[in-house]
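Q: Okay, predicted coordinates and the sequence, questions at the end:
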Amino acid sequence: ELKVEQNPLFLSMQEGKNYTIYCNYSTTSDRLYWYRQDPGKSLESLFVLLSNGAVKQEGRLMASLDTKARLSTLHITAAVHDLSATYFCAVDIKNAGNMLTFGGGTRLMVKP
Amino acid sequence: DVKVTQSSRYLVKRTGEKVFLECVQDMDHENMFWYRQDPGLGLRLIYFSYDVKMKEKGDIPEGYSVSREKKERFSLILESASTNQTSMYLCASSILDLRNEQFFGPGTRLTVL
């Protein structure tokens, strides 16, 4: 059974600081996804990582994937209040009908 | 842009009622999914469908059924709603390609009294 664990579960940080969210998973996978969810809203796709060593960046967020370590990171640079949200990683198991298994989410609060 | 819509944003039903949640996508996606989201438990897959009239159980199918009569529409059915089915329900769709990126609808917050 695939397990996906994120840490931390909750993160409070000051504006301007850097931090990293970690996503570990237990089974071989080549595809990993990061989503953002604002309170009361649905999930918005941020990044799709398709191979070992993949790195994607959008604004102050950068995601990377190490399939050998079964680890993805979401790095936040110089955080701003607008980044406050819950971030989920999700992993795709090969040959499992395109199903995703989600991590528990990291709730990020950026304080002014 | 992919658009996934859900029939209701908020729904209040009584225990024992039959409940239909509908999801429609406009991008000709093969795959459609139903999740429920609960605090502390994240997103859990209820059912998914990879083609018309095809369905597969996810992690928590008990108490639910689904219907996919047309490619663009995927319905989740609660045959006899119970209070422990109070939750946020999210529908998603994806195309069968290398990216397998799922696009989510706005969600339906269901309360069963």
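A: Now that the structure is in, tell me what you want to look at. Numbering: from 1, shown residues only, chains lettered A, B, ... in the order given.
Q: count of residues packed around residue 21?
A: No chain was given, so I picked chain A. Here the number of neighbours of residue A:21 (other Cβ atoms under 10 Å in any protein chain shown) works out to 24. All C-beta spots, glycine's among them, are computed from the backbone N, C-alpha and C.
Q: Correction: the question concerned chain B.
A: The number of residues packed near residue B:21 is 20, by other Cβ under 10 Å.
Q: and it, what element?
A: Element membership for residue B:21, per DSSP states H and E: strand B:19-25.
Q: Dump the next helix or strand after that strand to CSV, keeping only the CA atoms.
A: Per DSSP H and E, the first helix or strand lying C-terminal to strand B:19-25 is strand B:31-38. Output of strand B:31-38 as CSV, limited to C-alpha atoms (Å, rounded to 0.1, in the frame of the first residue of the first chain):
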residue,chain,number,x,y,z
ASN,B,31,-10.7,9.6,-16.4
MET,B,32,-13.0,10.9,-13.7
PHE,B,33,-12.7,10.6,-9.9
TRP,B,34,-14.6,11.2,-6.8
TYR,B,35,-12.8,12.0,-3.5
ARG,B,36,-14.0,13.0,-0.1
GLN,B,37,-11.9,15.4,2.1
ASP,B,38,-12.1,15.4,5.8
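Q: if we look at the sheet, which residues does the residue nearest the centre of chain B bridge to?
A: Compute the mean C-alpha point of chain B, and by Cα atoms, centre = their mean the closest residue is residue B:34, 2.8 Å away. Per DSSP bridges, the residues bridged to residue B:34 are residue B:47, residue B:91.
Q: For residue B:65, see how far away it is.
A: 10 Å (Cβ to Cβ, to the nearest Å).
Q: Overlap of the contact sets of the two?
A: Shared contacts of residue B:34 and residue B:65, defined by Cβ atoms under 8 Å, 6 or more residues apart in numbering or on different chains, comprise B:47, B:76.
Q: Residue B:87 is in contact with the residue nearest to the centre of chain B, correct?
A: No. Contact criterion Cβ atoms under 8 Å: residue B:34 and residue B:87 do not qualify, at 11.1 Å.
Q: between the strand holding residue B:21 and strand B:31-38, how big is the angle?
A: Interaxial angle of strand B:19-25 relative to strand B:31-38 (axes from the mean of the first three to the mean of the last three Cα atoms, to 10 degrees): 130 degrees.
Q: so how far is strand B:19-25 off the chain centroid?
A: Remark: strand B:19-25 is offset 7 Å from the chain centroid, using Cα atoms, centre = their mean, to the nearest Å.
Q: what does chain B put close to chain A?
A: With Cβ under 8 Å from any Cβ of the partner chain as the criterion, chain B meets chain A at residues B:31, B:33, B:40-45, B:48, B:50, B:56, B:58, B:90, B:92, B:94, B:96, B:98-107.
Q: List only buried entries from those.
A: For those, burial is judged from neighbour counts taken by 16 or more other Cβ atoms under 10 Å in any protein chain shown, and it is met by B:31, B:33, B:42-45, B:48, B:50, B:56, B:58, B:90, B:92, B:94, B:100-105, B:107.
Q: Of these, which belong to strands?
A: Cross-referencing these against strands under DSSP state E gives B:31, B:33, B:42-45, B:48, B:56, B:90, B:92, B:94, B:103-104.
Q: So which of those residues sits lowest on pLDDT?
A: When these are sorted by pLDDT, the bottom entry is residue B:42 at 86.
Q: quick one: which helix or strand includes the nearest residue to that one once chain neighbours are set aside?
A: With Cβ to Cβ, 6 or more residues apart in numbering or on different chains as the criterion, residue B:42 has its nearest non-adjacent residue at 4.5 Å, and that residue is residue A:104. Following DSSP H and E, one finds residue A:104 outside all helices and strands.
Q: Perfect, I'm done here.
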